[in-house]
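Q: sharing a model that was predicted from the sequence below.
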Amino acid sequence: MTDAVPKARRGLRAAGALFLWGLLFAAPAPAAEPPITTASPPDQKWDGLVRRQDGLLLWGRWRVGTLTLREETLRWTDGKDPGRNLVLPVARITSHGRVCRDPLLATTCFEWSLRTKDGERYVFRSGRQSGAAGEVFAVIAEIAPAIPAETRAGAP
């Protein structure tokens, strides 16, 4: 019986030594490769814009609302009438432009317009101090540089 205890201890010591040997001299695990991510434009939101309404108008030509760019889709949310909301993928835009008081200063831009593949034209204006029209133009030009763009001089 007394001989069985030292054999058990020797077995534990040998197992412990093998374990430590494996920790010290084992090959390191291969490093995990980082996932590949594509850069998508961050969500953008412009409040205080107005959208030009076409057709015969009795109560005003400009509709107040919010323009949002999310997942390469423009969304116009009308301030009063949800039936006038607009959802437009950036891929449908064939051209866009801005009108600025001084074409050399993007901060003076007050109007942004776009044309679609269907021939539709949408016009948006920002307040005198907001500069949102120039910001929208710059963001669309950045995420879709192949879309023809123009800057014109004008007055509101």
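A: Great, that's in hand. Numbering: from 1, shown residues only.
Q: give me the below-cutoff pLDDT ranges for this protein.
A: Along the chain, the parts satisfying pLDDT under 70 run over 1-41, 55-60, 103, 105-107, 128-129.
Q: W46 against V136, yeah?
A: Yes. Between W46 and V136 there is a contact at 6.1 Å, judged by C-beta atoms under 8 Å. C-beta here means a position set from N, CA and C on the backbone, and glycine is covered the same way.
Q: between the two, which is the more surrounded one?
A: More neighbours surround V136 than the other of W46 and V136, with 23 against 20 (other C-beta atoms under 10 Å).
Q: phi first, then psi, for that one.
A: Torsion angles at V136 (phi, psi; degrees, to the nearest 10) stand at phi -60, psi -50.
Q: just the helices in this protein please.
A: 4-25, 132-143 (DSSP state H).
Q: thinking again about what came up before, joint contacts of W46 and V136?
A: L67 (C-beta atoms under 8 Å, 6 or more residues apart in numbering).
Q: for E150, name its beta-bridge partners.
A: According to DSSP bridges, the partner residues bridging E150 are G97.
Q: that one against G97, yeah?
A: Yes. Between E150 and G97 there is a contact at 4.2 Å, judged by C-beta under 8 Å.
Q: and those two? which has more neighbours close in?
A: Neighbour tally, E150 and G97, criterion other C-beta under 10 Å: the higher count belongs to G97, 17 against 12.
Q: so what's the more buried one up against?
A: For G97, the contact set (C-beta under 8 Å, 6+ apart) comprises W112, S113, L114, F137, A149, E150, T151, R152.
Q: could you flag which of the residues you listed are buried?
A: Among those, those buried by neighbour count (16 or more other C-beta atoms under 10 Å) are W112, S113, L114, F137, A149.
Q: quickly note the distance from the second one to K80.
A: When C-beta to C-beta, to the nearest Å is the yardstick, S113 and K80 sit 22 Å from each other.
Q: surely T116 and V90 touch.
A: No. With contact defined as C-beta under 8 Å, T116 and V90 do not form a contacting pair (10.5 Å).
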